[in-house]
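J.: my questions are about this predicted structure, shown below with the sequence.
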Amino acid sequence: MKNYTSVYDIPDLTQWLNEARELKSNPRQHKQLGSGKTLGLLFFNNSLRTRLSTQKAALNLGMEVMVMNFGKEGWALEFADGTIMDGDRAEHVREAARVVSQYCDILGIRAFAGLKDKSEDESEQVLNGFIDHCTIPVINLESALGHPLQALADAITIAEHKTSKRPKVVLTWAPHPRPLPHAVANSFIRMMQQMPVDFCITHPEGYELNDKIVGNTPVFHDQKQALEGADFIYAKNWSSYLDYGKVLNRDNSWMITQDVLGKARFMHCLPARRNVVVEGAVLDSGQSLVIEQANNRTYAAQLVLKKLLETL
Amino acid sequence: MKNYTSVYDIPDLTQWLNEARELKSNPRQHKQLGSGKTLGLLFFNNSLRTRLSTQKAALNLGMEVMVMNFGKEGWALEFADGTIMDGDRAEHVREAARVVSQYCDILGIRAFAGLKDKSEDESEQVLNGFIDHCTIPVINLESALGHPLQALADAITIAEHKTSKRPKVVLTWAPHPRPLPHAVANSFIRMMQQMPVDFCITHPEGYELNDKIVGNTPVFHDQKQALEGADFIYAKNWSSYLDYGKVLNRDNSWMITQDVLGKARFMHCLPARRNVVVEGAVLDSGQSLVIEQANNRTYAAQLVLKKLLETL
Amino acid sequence: MKNYTSVYDIPDLTQWLNEARELKSNPRQHKQLGSGKTLGLLFFNNSLRTRLSTQKAALNLGMEVMVMNFGKEGWALEFADGTIMDGDRAEHVREAARVVSQYCDILGIRAFAGLKDKSEDESEQVLNGFIDHCTIPVINLESALGHPLQALADAITIAEHKTSKRPKVVLTWAPHPRPLPHAVANSFIRMMQQMPVDFCITHPEGYELNDKIVGNTPVFHDQKQALEGADFIYAKNWSSYLDYGKVLNRDNSWMITQDVLGKARFMHCLPARRNVVVEGAVLDSGQSLVIEQANNRTYAAQLVLKKLLETL
């Protein structure tokens, strides 16, 4: 593994899930591995869980961490090649990536989808710009198209809490007042497609995700039908992919309530809007796994960092 | 002690003041105590002294520190229960507090009074929101109603510099162009009420503080009379509490000058507006203790962290 | 050396350049030197290289680092003496500097030229305000007038890459859409004047720098003539010094192209606007030293920190 940019970078998921469990049982056991190594975290967007859990993971491994809010603290970056840079952008990613590679041993980057221009978002210009020009491993801290640390934490959480060999997992769209990216849904889908689970997706018409990602995964427009017998219900809003970045409806009948939940465990990547995406009572109940998912963000990041440190 | 949210959380002030002196004599003596422990610092408002002294205190104890400007770097928080979160606020403190508790061993929070709505400020929604839902100890880095780390540093400073068994300490209101919170005054009053000092308060009419805090402490509207024979003069502006958050006057005859100071030592929590709150010459004189107060912020924080670490 | 504010603070450049090479060969060899010592970094302006390389340098020396974006996270500072502080500025540098000196062992400060008022910029009020009132060593992380860490990194880079005993080094003005400070040019000039190099400057008429800094260094208005036979071409934009802070022209014939470069090595402090200051192909070629200059920022900072730590 050269970088961790997608769940497809995981060479052996079963082995990783076992190792995550082992790491979690004694988080400081590899404290020497990261000694003298520096993790740089560049944020182009806000963050709570990713910011703190990735720092914590690095500290558990004995690494030093430098955190930078790139947009607010650095220089506006140009990503296109050949530009005459006489506008707002003071530095090219070709220099920035190579420069940062001098100061860090591993680099994490968060750069969300803009949701204005599908082809720009699909080019992953920030993440790919850094990957193309960095000389050190890069970790995706949520990019335009994916959030593979979240998906790994989700997989760890499901592995810990499943009570049958092949649990049923449902990803359901949920309403939200604002247009949100597809990254979390994309990575969760790709992860579930590799897990020993019965997986399906449900969303209203018009909220179809990229069919290259959905592939053969069953999709239902009837949420009730999809959720029947579910062991894990993962709620997440996303904006329309076809009518790119639009909020088509806020149909609150799609909100996950205790009634809808039944006996399933509830999952969400957070932040979650209470009583919009999910009833507050669900989050406050023992069926919610959201805090455990957040906790597992540390071990997901730590596992990725450990694997990358072992290649240095 | 479960949290440090108020000076009332100090179980034995005399013992603490002795221990602070001992810590200060060799700040790194407990370097092992915090090893492998993480302090999270969440700032909802700006900070200089608190930000740096609390970090320094944690480093002295061997802790790791993660600092976050919550408002600028995270998600807008909802504090009210039962809200339909379809507005600006993306995350509820119920989740945020429980999530952060996964990544940190102790959490510090700064959230000032808004000075718009007395009952909202008095509910301490940010600090109490975190305390209610955190599963780790919480330290108040200045809340709407109190600044107990400052008050502890002030007590340490008075204990170090007093030249009589029972010195006279006066808290005097001072003018300021902007409306300021009551937190520093509140905590200082409560601290002095527990100290072996003769303590009184002086302020212009209309600047009465919360009488539940002031209690039996003598209050003078004649500054001259109050300051007579003072050993320590603590100047601080606050906005009106009765006409909540208003600046009623900026009467600069209340400014502390060298003339008014006499032989007393001058104290202020900083930042201090020169030649408004206090004459510049006072701050530049050997009678000023403001830099020593700031220095003692480190040992106040370190003592609190040490006590909390010992409970983990 | 009490502070590092200018290249003139270097007591013996030859010895320093040798020591930099030695440090770079084994960056963690002095890991004990900074143990238990704290570096504070105060940024009044944005930064990428300085922010990360100075942190990295401190970590290499075993120091703890506290980074603060002063303008955004702290209080607006007053620098003038005797002011009645009833405006926007809440704290005086006299207090801020003395307070920060309590929490740190060494302090770095970045405060750019405002380019509005030459005499204000030349007074270096931020840097000098801190130096005057700090009780700990201060490092200039780029001030209104100088960028001595950059110049030291540049000197290290030239020493590493020179292929003759006395290489020819040319500082050339280059076009830029915005008015930029003179700090990098000033410090580079002063550094080259002390190095065993043939050094000259070239810029369009009207872009004369401070003649107290330029001194006897030859200046050409004909770029071609100046660059002839150059071993190192250092490109940098600056705004007019005579018509202070103005952009007089953006003559793109001054851009460094592969054609102009010839066999010389290309240098720039970064960030560099591609195809405005320098042709992209130059930066992408093996003749560019910009990444190595950025890398040497770590060792320049580490050398300065080491020298200051040795005085504590």
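T.: Perfect, thanks for sending it. Numbering: from 1, shown residues only, chains lettered A, B, ... in the order given.
J.: quick one: the strands in chain A?
T.: Applying DSSP state E to chain A gives strands spanning A:38-43, A:64-69, A:77-78, A:91-92, A:106-110, A:138-140, A:168-173, A:198-202, A:219-220, A:232-236, A:265-267.
J.: quick one: residues in contact with the fourth one.
T.: Strand A:91-92 is touched from outside by A:74-79, A:83, A:85, C:48, C:270-272, C:274, C:280, C:283, with contacts defined as CB atoms under 8 Å, 6 or more residues apart in numbering or on different chains. For the C-beta atoms, the positions are set from N, CA and C on the backbone; glycine is no exception.
J.: out of the strands of chain A, the one nearest A:P181 is which?
T.: Comparison of the strands of chain A against A:P181 by CB to CB identifies strand A:232-236 as nearest, at 10.3 Å.
J.: buried stuff in stretch A:71-80?
T.: Neighbour-count burial for stretch A:71-80 flags A:E73, A:G74, A:W75, A:L77, A:E78, A:F79 (criterion: 16 or more other CB atoms under 10 Å in any protein chain shown).
J.: residue contacts, the closest residue to chain B within chain A?
T.: Among the residues of chain A, A:P271 lies closest to chain B, at 3.4 Å counting by CB to the nearest CB. Neighbour list for A:P271: A:L48, B:W75, B:A90, B:E91, B:H92, B:E95, B:A96 [criterion: CB under 8 Å, 6+ apart].
J.: leaving out chain neighbours, which residue sits closest to the last one?
T.: Put plainly, it is B:A96. B:L77 (5.9 Å; CB to CB, 6 or more residues apart in numbering or on different chains).
J.: contacting residues for the one you found?
T.: With CB under 8 Å, 6+ apart, B:L77 has these contacts: B:F70, B:R89, B:E91, B:H92, B:V93, B:A96, B:V126, B:G129.
J.: of those residues, buried ones?
T.: Using 16+ other CB under 10 Å as the burial test, these include B:F70, B:R89, B:E91, B:H92, B:V93, B:A96, B:V126, B:G129 as buried.
J.: what's the burial count for A:E95?
T.: Close neighbours of A:E95, defined as other CB atoms under 10 Å in any protein chain shown, add up to 25.
J.: burial measure for the nearest residue to it once chain neighbours are set aside, as a count.
T.: The shortest distance from A:E95 to any non-neighbouring residue, by CB to CB, 6+ apart, is to C:L270 (5.6 Å). Number of residues near C:L270 (other CB under 10 Å) recorded here: 22.
J.: show me what the longest helix seen in chain A is packed against.
T.: Among the segments of chain A that qualify as a helix by DSSP state H, the longest is helix A:290-309. Under the contact criterion of 3 or more CB pairs under 8 Å, 6 or more residues apart in numbering or on different chains; DSSP states H and E, helix A:290-309 touches helix A:13-25, helix A:49-60, strand A:106-110, strand A:138-140, helix A:148-161, strand A:265-267, helix B:93-103.
J.: wait, which of those is closest to B:R110?
T.: Taking the helices and strands packed on helix A:290-309 one by one with CB to CB, helix B:93-103 is closest: 14.1 Å.
J.: can you name the residue of the stretch 151-300 of chain A nearest chain C?
T.: A:T298 (21.9 Å).
J.: list the contacts of the closest residue to that residue other than its chain neighbours.
T.: Spatial nearest neighbour of A:T298, excluding adjacent residues (CB to CB, 6+ apart): A:S53 at 4.5 Å. Contact analysis of A:S53 by CB under 8 Å, 6+ apart lists A:A294, A:R297, A:T298, A:A300, A:A301, B:Q102, B:Y103.
J.: one more time with 7 Å, if that's ok
T.: Neighbour list for A:S53: A:R297, A:T298, A:A301, B:Y103 [criterion: CB atoms under 7 Å, 6 or more residues apart in numbering or on different chains].
J.: just give the closest residue to A:Y207, not the sequence neighbours.
T.: The shortest distance from A:Y207 to any non-neighbouring residue, by CB to CB, 6+ apart, is to A:W173 (5.2 Å).
J.: may I have stretch A:199-208 as CSV, with CA atoms only?
T.: Output in CSV follows, covering the C-alpha atoms of stretch A:199-208 (Å, rounded to 0.1, in the frame of the first residue of the first chain):
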residue,chain,number,x,y,z
PHE,A,199,-26.2,-5.3,1.8
CYS,A,200,-28.7,-3.1,0.1
ILE,A,201,-29.4,0.6,-0.5
THR,A,202,-32.6,2.6,-0.2
HIS,A,203,-33.3,6.1,-1.4
PRO,A,204,-36.0,8.2,-3.0
GLU,A,205,-36.1,8.3,-6.8
GLY,A,206,-33.8,10.9,-8.1
TYR,A,207,-31.1,10.2,-5.4
GLU,A,208,-29.4,7.4,-7.5
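J.: please work out the average pLDDT along it.
T.: For stretch A:199-208, mean pLDDT rounds to 98.
J.: buried residues, it. List them.
T.: Residues A:F199, A:C200, A:I201, A:T202, A:H203, A:P204, A:Y207 are the ones in stretch A:199-208 that count as buried (16+ other CB under 10 Å).
J.: burial measure for A:P177, as a count.
T.: The burial count assigned to A:P177 is 16, neighbours taken as other CB under 10 Å.
J.: ok, now the one 10 residues further on?
T.: The criterion is other CB under 10 Å. On that basis, A:S187 has 28 neighbouring residues.
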